[in-house]
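Engineer: I would like the atomic coordinates for the input below:
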Amino acid sequence: MTAYLDHAATTPMFPEALAAMTTQLAETGNPSSLHHAGRRARRAVEESRERIATAIGARPSEVVFTSGGTEADNLAVKGTFLARRDADPDRVRVLVPATEHHAVLDSVGFLVEHEGAQVTWLEVTPEGFVDPETVRAAIATDPASVALVSVLWAGNEIGVVQDVPAIAAIAAEHGIPVHTDAVQAVGHVPVDFSASGVDLLSMTGHKLGGPVGVGALVARRDATLVPLSHGGGQERQLRSGTLDAPAIVGFAAAAERAVTELEREATRLGALRDALIEGAMALEPGIRPSGHWQRGDVRRRLPGNAHLVVPGCDGDSLLYLLDAAGIACSTGSACQAGLPQPSHVLLALGVPESEARGALRLTLGHTSTADDVSTFLRALPGAVSRARRAREATAS
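Structural biologist: Down below sits the predicted model:
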């Protein structure tokens with residue numbers, strides 16, 4: 001029996017999303033063309049835009065289609081910084097926690113290296129939370145110098161859900177735009193763009209049951225950004241390029257279903273997550289969840305996220321041993337897979353490097369069952385024993 005426990009990396013497509021995309025693939029037409037085939041494709045895109053906007057509490061005109069979350073993060077962070085800095089050369093500070101996804105961290109790093117940006121790192125608690133008062137204090141040192149605040153809505157590794165509306169409200173007092181990477185949040189916890197107060201929100205299709213290769217930057221109409229790509233001027237002239245109508249249609253179908261079923265799925269997945277965490281802790285002394293975790297809490301931690309620290313093991317060894325047993329999981333972000341460094345998220349939480357190397361991210365989704373959890377728990381003791389022996393042999 002096999003168990004797929006890596007839904008945070010990508011989750012299987014919903015049947016209706018696959019059907020919608022397949023149907024659209026059979027249609028010919030560039031959404032930017034003016035003839036009837038182009039207008040038909042444009043109609044499919046605009047109807048999908050409306051469905052996605054409805055699902056997340058946004059206006060259709062605020063949805064800017066991208067190739068995924070990484071492009072959306074890059075456009076939000078770089079585009080906003082450049083626009084704000086160009087309007088006022090003193091606006092050079094970016095406020096960001098060290099626990100962000102690398103799509104944000106590396107965008108900030110690029111701005112530091114090439115555009116004169118300065119980073120103010122927002123501290124996180126040992127449970128992974130960004131205290132809104134920490135943001136207030138960071139802004140207060142020099143409000144006029146802040147170009148942007150960026151905070152994950154829900155962590156891609158440890159699944160902690162931030163109080164984004166509170167952070168946005170503090171930044172709004174000073175007219176500072178806020179971006180949130182909500183790639184892991186949309187479809188899994190309640191997300192209302194308009195009510196949140198954020199200016200920019202990143203999302204993607206393949207984390208919520210849609211296709212890979214399509215996402216969106218949700219940007220308020222008054223958000224000022226410098227585009228990173230130039231050409232035909234599509235998507236409010238923020239993201240030029242021919243729109244992928246089939247992928248967008250599949251994205252919309254998935255977003256609609258994920259949000260519709262959110263409450264029921266959160267309860268179901270939260271129970272499976274808790275059974276997995278408690279089962280692992282009971283099997284092996286020292287195993288503990290990373291970040292905030294409380295039984296039954298599906299609001300401050302993603303319902304399907306079970307991130308574990310396994311003392312005395314290397315996460316890569318555990319991953320390969322579990323994979324051999326038919327269990328797919330990860331040691332952290334799939335975007336960083338294959339890199340031997342310990343998780344930057346755990347290090348930011350104060351986890352010692354030796355322990356941070358023994359991390360496993362196990363994430364559940366709409367196809368997950370109790371059998372998947374049982375399969376993992378049966379395989380875990382043997383994998384831990386072999387991984388510890390391998391580390392001891394290496395050390396000696």
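Engineer: against which helices or strands is the longest helix along the chain packed?
Structural biologist: Counting residues, the longest helix found in the chain (DSSP state H) is helix 370-395. Contacts defined by 3 or more C-beta pairs under 8 Å, 6 or more residues apart in numbering; DSSP states H and E place helix 370-395 against strand 3-4, helix 262-283, helix 315-324, strand 327-328. Yep, even glycine has a C-beta here, placed from its N, CA and C like the rest.
Engineer: I'd say residue 144 and residue 93 touch.
Structural biologist: No: contact criterion C-beta atoms under 8 Å: residue 144 and residue 93 do not qualify, at 9.4 Å.
Engineer: of these two, who's got more company?
Structural biologist: Taking neighbours as other C-beta atoms under 10 Å, residue 144 and residue 93 compare with residue 93 leading, 25 against 12.
Engineer: phi first, then psi, for that one.
Structural biologist: Dihedral pair for residue 93: phi -90, psi 140, per degrees, to the nearest 10.
Engineer: so for it, what's the pLDDT?
Structural biologist: pLDDT, residue 93: 98.
Engineer: tell me the spacing between it and residue 116.
Structural biologist: Distance from residue 93 to residue 116, counting by C-beta to C-beta, to the nearest Å: 11 Å.
Engineer: turn the helices and strands packed on helix 370-395 into a markdown table, columns for mean neighbour count, mean pLDDT and distance to residue 205.
Structural biologist: Output for the helices and strands packed on helix 370-395, formatted as a markdown table (neighbours: other C-beta atoms under 10 Å; pLDDT from 0 to 100; distance: least, C-beta to C-beta, whole Å):
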| stretch | mean neighbour count | mean pLDDT | distance to residue 205 |
| --- | --- | --- | --- |
| strand 3-4 | 22 | 98 | 18 |
| helix 262-283 | 18 | 98 | 16 |
| helix 315-324 | 19 | 94 | 26 |
| strand 327-328 | 20 | 97 | 20 |
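Engineer: got a markdown table for those, with distance to residue 34 too?
Structural biologist: Putting the helices and strands packed on helix 370-395 into a markdown table (distance: least, C-beta to C-beta, whole Å) gives the following:
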| stretch | distance to residue 34 |
| --- | --- |
| strand 3-4 | 44 |
| helix 262-283 | 39 |
| helix 315-324 | 51 |
| strand 327-328 | 46 |
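Engineer: domain ranges for this structure, per the record?
Structural biologist: If you go by automatic domain parsing, the domain ranges for the chain are 3-12+262-395, 15-259.
Engineer: point out the most buried one among the ones you listed.
Structural biologist: Highest mean neighbour count of the domains of the chain: domain 15-259, a mean of 20 (counted as mean count of other C-beta atoms under 10 Å).
Engineer: what about that domain, how long is it end to end?
Structural biologist: The first and last residues of domain 15-259 sit 15 Å apart, counting by C-alpha to C-alpha, to the nearest Å.
Engineer: distance between it and the chain's centre?
Structural biologist: For domain 15-259, the separation from the chain centroid amounts to 10 Å (computed by C-alpha atoms, centre = their mean, to the nearest Å).
Engineer: for stretch 314-324, same thing?
Structural biologist: Averaging C-alpha positions (C-alpha atoms, centre = their mean) puts stretch 314-324 24 Å from its chain's average.
Engineer: which other residues reach that stretch?
Structural biologist: Contacting residues not belonging to stretch 314-324 are listed as 310, 329-332, 340, 357-360, 376, 379-380, 382-384, 386-387, 390-391 [C-beta atoms under 8 Å, 6 or more residues apart in numbering].
Engineer: let's see it at 6 Å
Structural biologist: By C-beta atoms under 6 Å, 6 or more residues apart in numbering, the residues outside stretch 314-324 that reach it are 329, 331, 357, 358, 359, 360, 379, 383, 386, 387, 390, 391.
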